[in-house]
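# Please work out how this folds:
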Amino acid sequence: GAAGAGAGSPQTAAAAAAGSGAPRVYDARFQPLPVESKTVLQEYWDEFGAYPSQDIKDALAAKSGLTVGQVNNFFSNQRSAYAKKGLAIPGTAARNFIARGGKKKAKKLPAKMTASIAAKA
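Okay, the predicted model is just below:
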């Protein structure tokens, strides 16, 4: 028979519940973050941006009761969600400015202008 079909096929509780109209069963390893913890991280995101330093992540983990890995995942997932929705990611402009050494982004000249400048030199 087909793989995964039949009475003896292994199936997770979540997969079994998915098509039956039963309430969703969460895998114990993948629980949503507690609301209080998420609020701490969201407040930082809203006020200071999407790229906390390692020291800040350590402090946020201690304050929220989460691991540093969970804090990293929160910020990574938030940046991804904002990007998918086409929203501006907080702190990105400042981060790019610092990465350029505090210099404004140079505008690239069109090829025609570059060629004419080179011809005059």
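
# What's the mean pLDDT across the longest helix that the chain contains?
For the chain, the helix that runs over the most residues, judged by DSSP state H, is helix 68-85. Helix 68-85 shows a mean pLDDT of 94 in the predicted model.

# helices or strands up against it?
helix 35-48, helix 54-64 (3 or more Cβ pairs under 8 Å, 6 or more residues apart in numbering; DSSP states H and E). Where you see a C-beta, it was placed from the backbone N, CA and C, and this is true even at glycine.

# nearest to Arg29, of these?
Arg29 lies closest, by Cβ to Cβ, to one member of those: helix 35-48, at 16.9 Å.

# what comes up buried for that closest one?
37-38, 40-41, 44-45 (16 or more other Cβ atoms under 10 Å).

# do stretch 67-85 as well
In stretch 67-85, counting by 16+ other Cβ under 10 Å, buried: 70-72, 74-75, 78-79, 82.

# Can you verify my assumption that Phe48 contacts Gly91?
Yes - counting by Cβ atoms under 8 Å, Gly91 is a contact partner of Phe48 at 6.8 Å.

# Point out where the chain drops to low pLDDT.
Applying pLDDT under 70 to the chain flags residues 1-21, 26, 94-99, 102-121.

# at 50 instead, please
For the chain, residues meeting the criterion pLDDT under 50 lie at 1, 4-6, 9.

# Just put the helices and strands packed on helix 68-85 in TSV and tack on distance to Ala28.
Output for the helices and strands packed on helix 68-85, formatted as TSV (distance: least, Cβ to Cβ, whole Å):
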stretch	distance to Ala28
helix 35-48	17
helix 54-64	20
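
# Quick one: closest of these to Gly86.
Across the helices and strands packed on helix 68-85, Gly86 has its closest neighbour in helix 35-48 (17.3 Å, Cβ to Cβ).

# what residues does that closest one touch?
32-33, 52, 56, 60, 63-66, 70-71, 74-75, 78, 90-91 (Cβ atoms under 8 Å, 6 or more residues apart in numbering).

# Kind regards, and thank you for your time.
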